[in-house]
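# when you get a sec, could you give me coordinates for this:
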Amino acid sequence: MFGTELLAMKTQKATFAAGCFWGVQSAFDQVKGVVRTTVGYTGGTTDNPTYEKVCSHTTSHAEAVEVEFDPAQVSYGQLLDHFWNMHDPTTLNRQGPDVGSQYRSAIFTHSEEQRKEASVSKERLDKSGRYPKKSVTQIVPAVVFYPAEEYHQKYFEKNGGQSCHIS
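Now for the predicted structure:
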């Protein structure tokens, strides 16, 4: 993308937690209109957490992905659809073999509009009958997002792994 095109683009942020952040990042990187993704930690009580601290279950942080997107190419609603499709939102503090509160399902909203849209989307999922249980996904205001260590960024791209998520 040329510099002037990037400057003219008005992007927005969305933040999601859906289990191991490597798979979440990889899934969102495939979405047309997603400009940038960053894995990190959010929703907890510890400043400047490290991966080791988050894994110790003492920080309350979730492994999350901050998604910067171009709303002219992909809507927040479409990102929500991808989020619901990439994991099982009915499992509390767990995705597949990963267990712990850092793997919880959460949507961290950056505006009242995002909160409303996420809530309606969650309600629609629960009423759909897709899952026998209701979603346990948290919908909470976005707070400080701490980027994870560099070796976690684009982990599958760097290491040739495959996504551990559904989509």
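
# show me what residue 42 is bridged to.
residue 62 (DSSP bridges).

# and it, how far from residue 159?
24 Å (C-beta to C-beta, to the nearest Å). (C-beta placed from N, C-alpha, C; glycine too.)

# surely residue 121 touches residue 79?
No. If you go by C-beta atoms under 8 Å, residue 121 and residue 79 don't touch, sitting 9.9 Å apart.

# among those two, which residue is more densely surrounded?
Neighbours per residue (other C-beta atoms under 10 Å) separate residue 121 from residue 79, with residue 79 holding more: 25 against 21.

# got a pLDDT number for the more buried one?
Per-residue pLDDT puts residue 79 at 98.

# so it sits in a strand?
No. Counting by DSSP: H, G, I helix; E, B strand; the rest coil, one finds residue 79 to be helix, located in no strand.

# isn't it right next to residue 32, touching?
No. The pair residue 79 and residue 32 fails to qualify as a contact (C-beta under 8 Å) at a distance of 11.3 Å.

# sorry, back to before: overlap in contacts of residue 121 and residue 79?
Counting by C-beta atoms under 8 Å, 6 or more residues apart in numbering, residue 121 and residue 79 have no shared contacts at all.

# so how far is residue 71 from residue 52?
Taken as C-beta to C-beta, the span from residue 52 to residue 71 is 36 Å.

# what about the longest helix in the protein?
helix 112-128 (DSSP state H).

# pull out the buried positions in that one.
For helix 112-128, the neighbour count (16 or more other C-beta atoms under 10 Å) marks 114, 115, 117, 118, 121, 122, 125, 126 as buried.

# take those residues and lay them out in JSON lines including pLDDT and distance to residue 98.
Listed next are the buried residues of helix 112-128 as JSON lines, based on pLDDT from 0 to 100; distance: C-beta to C-beta, whole Å:
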{"residue": "114", "pLDDT": "98", "distance to residue 98": "26"}
{"residue": "115", "pLDDT": "98", "distance to residue 98": "26"}
{"residue": "117", "pLDDT": "98", "distance to residue 98": "27"}
{"residue": "118", "pLDDT": "98", "distance to residue 98": "23"}
{"residue": "121", "pLDDT": "98", "distance to residue 98": "24"}
{"residue": "122", "pLDDT": "98", "distance to residue 98": "21"}
{"residue": "125", "pLDDT": "97", "distance to residue 98": "21"}
{"residue": "126", "pLDDT": "97", "distance to residue 98": "23"}
